[in-house]
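Trainee: quick check, what structure comes out for this input:
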Amino acid sequence: MYRKYKLEHLLESLTDNEPALEVCDYQPNPAKQAQLDQATEQIKLCLDVLPNEQKDIFLLREETGLSLPEIASLIDLPFETVKSRLRYALTKLRQCLAEYY
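Mentor: Residues are numbered from 1 along each chain as shown. Down below sits the predicted model:
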């Protein structure tokens, strides 16, 4: 019963001239922005500590969203090697960031 009402209400709001969702003006809080900048800087410092082999695989995974098999074929390494390097990179990043958090 509730779902049906919710669905009907949603459909009505979509057919009205009013927007279904309100768009808010997001202005970051200066304190939160400073905290975010510090965290970003710390992550960059931790990435610089990683060996290049681990850093490259981590960045391929996180920035491009490639799967591990795709990364393995892209850089011509066995899947298990890519998996191990990513695991080591994540472990080192956790250790490095644990000091910050």
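Trainee: buried residues of the helix or strand where Glu41 lies, list them for me.
Mentor: Following DSSP states H and E, one finds Glu41 within helix 30-49. If you call a residue buried by 16 or more other Cβ atoms under 10 Å, then helix 30-49 has these buried ones: 46-47. (Each C-beta comes from the backbone N, C-alpha and C, glycine too.)
Trainee: roughly how far is that helix from the heart of the chain?
Mentor: Taking Cα atoms, centre = their mean, to the nearest Å, the mean C-alpha location of helix 30-49 is offset from the chain mean by 14 Å.
Trainee: which strands or helices does it pack on?
Mentor: Counting contacts by 3 or more Cβ pairs under 8 Å, 6 or more residues apart in numbering; DSSP states H and E, helix 30-49 packs against helix 52-64, helix 79-100.
Trainee: out of those helices, nearest to Asp37?
Mentor: Shortest separation from Asp37 across the helices and strands packed on helix 30-49 is recorded for helix 79-100, at 12.9 Å, computed as Cβ to Cβ.
Trainee: quick one: that closest one to helix 52-64, angle?
Mentor: Relative orientation of helix 79-100 versus helix 52-64 (axes from the mean of the first three to the mean of the last three Cα atoms, to 10 degrees): 80 degrees.
Trainee: show the model's pLDDT score for the residue nearest to the spatial centre of the chain.
Mentor: When Cα atoms, centre = their mean is applied to the chain, the residue found nearest the centroid is Glu62 (6.7 Å). Predicted confidence (pLDDT) for Glu62: 92.
Trainee: quick one: it from Gln27, how far?
Mentor: Counting by Cβ to Cβ, to the nearest Å, the gap between Glu62 and Gln27 amounts to 28 Å.
Trainee: kind regards, and thank you for your time.
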